[in-house]
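Asks: model the structure of this input:
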Amino acid sequence: MEASVRTTSPATAPAPAGVFEAPAGAAEAPAGNGRGIALMIVAMLTFASMDALSKLAMERHDVAQVLCVRFWIFLAFALVLTRRRGLRASLASRRPVFQIGRSLLLIVEMGAFMLAFRAMHLADVHAIAAVAPLIAMLMAALLLGERIGPHRKAAAAIGFLGVLVIVRPGTGVFEGAALWPLIGATLWGLYQVLVRKMAGVDPVGTTVLYTALVGVVSYSFLAPFVWTPPAPETWAMLVGVGILGAFGHATLVAALDSAPAGVLQPFGYVLPVWATVMGYLVWDHVPDRWTVAGCLLVIAGGLYALWRERRSARVPQGTGEGPGTPAG
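Replies: Residues are numbered from 1 along each chain as shown. Okay, here's the model as predicted:
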């Protein structure tokens, strides 16, 4: 989750319907949907692989060191993205303070998820983090004044019930580490709403560049205090994390260029599936039945909210539903 062009965080499900729209050049015809869906699934696999590699790297190094290397590589990606406009033009934001604040929020969110990866199984983190789209929906209501009808409230309730099933507070199963993905999901939901407020204010390249620069400055300040010389194989892990992040971004953007965001959003929920596969292959971890059940509830809530959004968008005005009426 380093740039506004993403609809997913390294540990979250897709953005809620209505928070992100497809870019102007997104294909409307169904012909591009198959390609877009395939690219979306590949992007989710890339992000799950990145998170697994991050977890391996954090077995040897501090979170700040891992993220420092990752942001330097992401900065290189951002500079390539903005090379045509030039560095000075790309830094010319209409709201630079807002851009910096948004980037700082994202940096804290990423740190929270990295701490979660270090303390918990990969699949468990992603299962909890899948509630982020529903949190973003609630944040949009609080901060943007969007209406939330009974159906969306029900979707949010289903999602949070799923989180409770996963963490099971009061049963002796709950661990304090489970708060990290909850914090990360909350911050990611807030971040998505802030990105929406920035829509049309600055070019995407400007937003990406601010994110990369603020991340580099922040973690370059913190990393020296915890830096330990990486072994050659660890350097490969650290660089791999950054490369996978950049490749995931590029793949996701290509998916959004091929198909509308509304078509792609449900397929973002394959991220917990890929995370489970990675957890099994690398750490031989299989989620218990409660985690699986809770994750399914979270995903069900998100898909129900998305279905209601798309159904409302198809209902003509004057029928009591659809755009221009209170959201269901």
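
Asks: burial check on residue 83, number of neighbours?
Replies: For residue 83, the neighbour count with other C-beta atoms under 10 Å is 11. No exception for glycine: its C-beta is placed from N, CA and C like everyone else's.

Asks: now swap in the one 3 residues further on and tell me
Replies: Neighbour count for residue 86, taken as other C-beta under 10 Å: 10.

Asks: residue 273 now?
Replies: Using other C-beta under 10 Å: residue 273 sits among 17 other residues.

Asks: sec struct for it, please.
Replies: helix (DSSP: H, G, I helix; E, B strand; the rest coil).

Asks: ditto for residue 253
Replies: Secondary structure, three-state DSSP: residue 253 is helix.

Asks: need the pLDDT of it.
Replies: Looking at residue 253, its pLDDT stands at 72.

Asks: and it, how far is that from residue 278?
Replies: 23 Å (C-beta to C-beta, to the nearest Å).

Asks: same question, residue 212
Replies: 26 Å.

Asks: dump the residue contacts of residue 70.
Replies: Residues in contact with residue 70 (C-beta atoms under 8 Å, 6 or more residues apart in numbering) are 54, 238, 241-242, 245.

Asks: nearest to residue 39 among those residues?
Replies: For the contacts of residue 70, the residue nearest residue 39 by C-beta to C-beta is residue 245; the value is 16.1 Å.

Asks: number of residues surrounding the closest residue to the closest one other than its chain neighbours?
Replies: Nearest residue to residue 245, sequence neighbours excluded (C-beta to C-beta, 6 or more residues apart in numbering): residue 50, at 5.5 Å. Counted with other C-beta under 10 Å, the neighbours of residue 50 add up to 23.

Asks: residue 50 contacts residue 248, doesn't it?
Replies: Yes - with contact defined as C-beta atoms under 8 Å, residue 50 counts as touching residue 248 (6.3 Å).

Asks: assumed residue 59 was part of a helix.
Replies: No - counting by three-state DSSP, residue 59 is not part of a helix but coil.

Asks: give the contact list for it.
Replies: Counting by C-beta under 8 Å, 6+ apart, residue 59 touches residue 118.

Asks: how about it, phi and psi?
Replies: Backbone dihedrals for residue 59, given as degrees, to the nearest 10, come out at phi -70, psi -20.

Asks: from residue 222, how far out is it?
Replies: The gap separating residue 59 from residue 222 is 19 Å, by C-beta to C-beta.

Asks: for residue 253 and residue 278, indicate the residue with more neighbours.
Replies: More crowded of residue 253 and residue 278, by other C-beta under 10 Å: residue 278, with 22 against 18.

Asks: in what helix or strand does the more buried one lie?
Replies: helix 271-283 (DSSP states H and E).

Asks: do residue 237 as well
Replies: Residue-wise, residue 237 maps onto helix 232-258 under DSSP H and E.

Asks: and that helix, what does it pack onto?
Replies: helix 33-57, helix 63-81 (3 or more C-beta pairs under 8 Å, 6 or more residues apart in numbering; DSSP states H and E).

Asks: centre of the chain to the shortest one, how far?
Replies: So the one you mean is helix 63-81. Relative to its chain's centre, helix 63-81 lies at 17 Å (C-alpha atoms, centre = their mean, to the nearest Å).

Asks: next up, the contacts around the residue lying closest to residue 42 once chain neighbours are set aside.
Replies: Leaving out its chain neighbours, the residue that sits closest to residue 42 by C-beta to C-beta, 6+ apart is residue 251, at 5.4 Å. For residue 251, the contact set (C-beta under 8 Å, 6+ apart) comprises 39, 42-43, 46.

Asks: pLDDT-wise, which helix or strand of this protein ranks last?
Replies: helix 261-264 (a mean of 68; mean pLDDT, DSSP states H and E).

Asks: and residue 28, what pLDDT?
Replies: 46.

Asks: how about residue 52?
Replies: So residue 52 comes in at 91 (pLDDT).

Asks: tell me the contacts of it?
Replies: Residues in contact with residue 52 (C-beta under 8 Å, 6+ apart) are 122, 275, 278-279, 282.

Asks: how close does the residue lying closest to it once chain neighbours are set aside get to residue 260?
Replies: Excluding the flanking residues, the one nearest residue 52 by C-beta to C-beta, 6+ apart is residue 278, at 4.1 Å. Distance, residue 278 to residue 260, using C-beta to C-beta: 29 Å.
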